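Novice: Mind folding the following:
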Amino acid sequence: MPRPTSPAWNDRRVVSRLAEGLSRQDHTVLALRYGEQLSVGETAAVLRIEPSEVESAVRRAASLIGRTIRAH
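Specialist: Alright, predicted model coming up:
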């Protein structure tokens, strides 16, 4: 998945605040993938879910956060 390029994406405080509105699982997936810098496989193992679920959660969360950023 390409990294978002909007300046707001580079402000951790903005993204962190927006991530608070995500489901618990989506928020946790983002925290593990990008906060803890775990791989998809490592994240899946920690959460005991399939790697495809991790990938879906990242896409879903990035889409929701991206739409919110673009709307402001």
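Novice: List the buried residues of stretch 23-30.
Specialist: Using 16 or more other CB atoms under 10 Å as the test for burial, stretch 23-30 gives Asp26, His27, Thr28, Val29, Leu30. Just so you know, the C-beta spots here come from the backbone N, C-alpha and C atoms, and that holds for glycine as well.
Novice: TSV for these, including secondary structure and distance to Arg13?
Specialist: Compiled in TSV, these are given as follows (DSSP: H, G, I helix; E, B strand; the rest coil; distance: CB to CB, whole Å):
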residue	secondary structure	distance to Arg13
Asp26	helix	19
His27	helix	15
Thr28	helix	19
Val29	helix	20
Leu30	helix	15
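Novice: and the helix or strand where Arg13 lies, which residues are buried?
Specialist: For Arg13, the element it lies in under DSSP states H and E is helix 12-19. By neighbour count with 16+ other CB under 10 Å, helix 12-19 contains the buried residues Val14, Val15, Leu18, Ala19.
Novice: and that helix, C-alpha only, in CSV?
Specialist: Taking Å, rounded to 0.1, in the frame of the first residue of the first chain, the C-alpha atoms of helix 12-19 are listed here in CSV:
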residue,chain,number,x,y,z
ARG,A,12,1.6,11.9,14.1
ARG,A,13,-0.7,13.9,16.4
VAL,A,14,-3.3,14.3,13.7
VAL,A,15,-3.3,10.7,12.7
SER,A,16,-3.3,9.5,16.3
ARG,A,17,-6.3,11.6,17.1
LEU,A,18,-8.2,10.4,14.0
ALA,A,19,-7.2,6.8,14.8
